[in-house]
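Undergrad: Next come a sequence and a model predicted from it.
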Amino acid sequence: MGYYCFVTYDSSIFYLQMRKINLAITGCLGRMGQQIIKSVKFDKNFKLVTITESKKTNKKILGLKISKNNMDVFKKTNLIIDFTVPKCTLEILRIAAKLKKRVVIGTTGFTKKEENLINKYSKKIPILKAGNMSLGINLLMYLTEITSKSLNNSFLSKVYEVHHKHKKDYPSGTALMLGKGIAIGKNKNFYNLIGNKYLNKKSFPYGRKINFNSIRKGEIIGEHEVKFSSGKEIITLNHEAFDRTLYSEGALSAGKWLMTKKPGLYSMRDLMNFK
């Protein structure tokens, strides 16, 4: 049996429960939803009890009926892992906050207003939110902050990313996360530093603001690159993903880690204990 520590919200006392984490996966028919279902079969810490989709379907996965998001289907869960769309994520958070359920969010594309709502819900329940669940990408984010902080203002920056042809949003959540890393390093507001957003350009310029270029082709899982240039030298930080399981396994690691936490908004950076 898997063990986990559970923290009651009205006490600082930890106690062990000799049972698996009852897991709910939202967006179960999506790419990441399906991948997490595959990965959870090999992780003895979890018991998959609920799978949901926004649209009604008669399909079953691993013997489980696919439900729509509602209070009843989440009552028996300890943890919800959500890779959907912003509107759906906020609906799930509303339910989770009422039921006091922990939530791991891998959804991207939130507006500033939606980000504020997520922060509000985190006052009631533990939430871990990450634009990318890969440990390598989160290390890249950390290195981006350090590099940006270390370089003077003569260095301009830009972010490049490549994903499969099915991905609709651009820049990717990870690319925006890396852009935020540049802003944090400069101690500036990220939203004020967002520059041009290009799609499928062969080349694109550096700028005083952060320019982004997104390529959509083939079945590429994910490539991300941050560049800094002074005109005399270029510093490049990059990451390439070869296997989608690194995201699903990262999400499950995040879920296990979140089980010991009090209400708050956490990130993979917290899990990896970066200062």
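TA: Looks like it came in fine. Here the structure is a predicted model, which is why all the values come from computation and not from measurement.

Undergrad: what's across from residue 156 in the sheet?
TA: residue 229 (DSSP bridges).

Undergrad: Quick check: it vs residue 171, distance?
TA: 17 Å (CB to CB, to the nearest Å). C-beta: built from backbone N, CA, C; applies to glycine.

Undergrad: Using neighbour counts, pick out the buried residues of the helix ranked longest in the chain.
TA: Looking across the chain with DSSP state H, the single longest helix is helix 135-150. Neighbour-count burial for helix 135-150 flags 137, 138, 139, 140, 141, 142, 144, 145, 147, 148 (criterion: 16 or more other CB atoms under 10 Å).

Undergrad: who touches the third one in this structure?
TA: What it means is residue 139. residue 272 (CB atoms under 8 Å, 6 or more residues apart in numbering).

Undergrad: Tell me if I'm right that residue 127 and residue 117 touch.
TA: No. Contact criterion CB atoms under 8 Å: residue 127 and residue 117 do not qualify, at 11.1 Å.

Undergrad: ok, those two, which is more surrounded?
TA: residue 127 (26 against 16; other CB atoms under 10 Å).

Undergrad: Name the residues that touch the one helix or strand the more buried one maps to?
TA: Counting by DSSP states H and E, the element that carries residue 127 is strand 126-129. The contact list for strand 126-129, computed with CB under 8 Å, 6+ apart, reads 93, 102-105, 118, 121, 254-255, 257-258, 261-268, 270-271.

Undergrad: quick one on the thing from earlier: what's the closest of the buried residues of helix 135-150 to residue 181?
TA: residue 144 (3.6 Å; CB to CB).

Undergrad: How much space separates that closest one from residue 29?
TA: 33 Å.

Undergrad: what's near enough to touch residue 246?
TA: Contacts of residue 246 by CB under 8 Å, 6+ apart are 133, 134, 135, 136.

Undergrad: coming back round to it: for the strand holding residue 127, what is the distance to the chain centroid?
TA: Computed by CA atoms, centre = their mean, to the nearest Å, the chain-centroid distance of strand 126-129 equals 10 Å.

Undergrad: so what strands line up beside that strand?
TA: strand 102-105 (parallel), strand 264-266 (parallel).

Undergrad: Just send those back as TSV, with distance to residue 239, mean pLDDT and mean neighbour count too.
TA: TSV is the format used below for those (distance: least, CB to CB, whole Å; pLDDT from 0 to 100; neighbours: other CB atoms under 10 Å):
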stretch	distance to residue 239	mean pLDDT	mean neighbour count
strand 102-105	21	98	26
strand 264-266	22	97	17
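
Undergrad: Turn the ones you listed into TSV, columns for distance to residue 213.
TA: TSV is the format used below for the strands paired with strand 126-129 (distance: least, CB to CB, whole Å):
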stretch	distance to residue 213
strand 102-105	26
strand 264-266	30
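
Undergrad: Residue 171 contacts residue 197, doesn't it?
TA: Yes. Counting by CB under 8 Å, residue 171 does reach residue 197; the two are 5.9 Å apart.

Undergrad: Look at residue 156 and residue 171 and report which has more neighbours.
TA: residue 171 (26 against 19).

Undergrad: Distance check, the spatially closest residue to that one that is not a sequence neighbour against residue 137.
TA: Excluding its sequence neighbours, the residue lying closest to residue 171 (CB to CB, 6 or more residues apart in numbering) is residue 212, at 4.1 Å. Going from residue 212 to residue 137 by CB to CB gives 16 Å.

Undergrad: for residue 47, same thing?
TA: 28 Å.

Undergrad: what touches both of residue 171 and residue 197?
TA: 212, 214.

Undergrad: average model confidence for stretch 154-166?
TA: Average pLDDT, stretch 154-166: 95.

Undergrad: any idea where the helices of the stretch 101-250 of the chain begin and end?
TA: 112-121, 135-150, 173-186, 190-193, 245-258 (DSSP state H, counting those that start in this stretch).
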